[in-house]
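Chemist: structure of the sequence below:
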Amino acid sequence: MIPADSPVAVLPVTPEDRDWLRSFILDRWDAPFIVSHGRKHFPVEHSGFKAMIEGRPAGVLTYEIELEYLWPKSQA
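Modeler: Now for the predicted structure:
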């Protein structure tokens, strides 16, 4: 947990953040995507949180939730 008097604010990423998020990812990864488990992921399209210090982005966490459904086999 971040203390209330911390200079860091953690806020949800909003659609208005997409431009700076794209630049942030490109500056650090040299590509608009990352690869994980053999798949390309585009962080700018995902939900996430941004860390802000003095009103400027200092870090970001993005995530993608995928659900798999398991259907029961019919028992004859």
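
Chemist: distance between the ends of stretch 39-53?
Modeler: Distance across stretch 39-53, first residue to last, is 32 Å (C-alpha to C-alpha, to the nearest Å).

Chemist: to the chain's geometric centre, what's the distance from that stretch?
Modeler: 2 Å (C-alpha atoms, centre = their mean, to the nearest Å).

Chemist: state the mean pLDDT of that stretch.
Modeler: The average pLDDT for stretch 39-53 rounds to 91.

Chemist: quickly find the element holding the residue nearest to the spatial centre of the chain.
Modeler: In the chain, the residue lying closest to the centroid (C-alpha atoms, centre = their mean) is Thr62, at 0.9 Å. If you go by DSSP states H and E, Thr62 is part of strand 56-63.

Chemist: do the same with Arg22
Modeler: Here Arg22 is assigned to helix 18-29, by DSSP H and E.

Chemist: hmm, who's touching the strand holding Thr62?
Modeler: 8, 13, 20-21, 24-25, 43-44, 46-52 (C-beta atoms under 8 Å, 6 or more residues apart in numbering). C-beta here means a position set from N, CA and C on the backbone, and glycine is covered the same way.

Chemist: from those residues, which would you call buried?
Modeler: Val13, Leu21, Phe24, Ile25, Pro43, Val44, Gly48, Lys50 (16 or more other C-beta atoms under 10 Å).
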